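Colleague: The amino acid sequence is not available; the structure is as follows:
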């Protein structure tokens, strides 16, 4: 997990949303869409939702809940994530591309092209 970079986290217990400092440069509309998506998830399902980039630059979802949270909807969690993967596919692919270019430096050669 040391090679993972957190994009954002929403926590139903603390009623908080966190965007990784590295991503403050994202357009406001993208940051707002992430916030709405993640907060709605935790309001509907409960628990904690984390979006992070793995070592390959793929965007992953991680969910968790307190052991004493009997209201956490585990089935709803899986369904909501599948819904987001379908409905937010373009956003997630754009974020992966952004991460791979600006963080992993993929696709960048030492030469600049002039057109």
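Modeller: Noted; the coordinates are in hand. These figures come from a predicted structure and were not determined experimentally. Residues are numbered from 1 along each chain as shown.

Colleague: State the distance from residue 45 to residue 56.
Modeller: Distance check for residue 45 against residue 56: by Cβ to Cβ, to the nearest Å, it reads 27 Å. To be clear about C-beta, it is placed using only N, CA and C from the backbone, and glycine gets the same treatment.

Colleague: So for the two, which sits in the more crowded spot?
Modeller: Taking neighbours as other Cβ atoms under 10 Å, residue 45 and residue 56 compare with residue 45 leading, 23 against 11.

Colleague: ok, now which ones touch the more buried one?
Modeller: By Cβ atoms under 8 Å, 6 or more residues apart in numbering, residue 45 lies in contact with 12, 63, 72-73, 76-77, 80.

Colleague: ok, and the closest non-adjacent residue to residue 94?
Modeller: Spatial nearest neighbour of residue 94, chain neighbours left out: residue 30 (7.9 Å); criterion: Cβ to Cβ, 6 or more residues apart in numbering.
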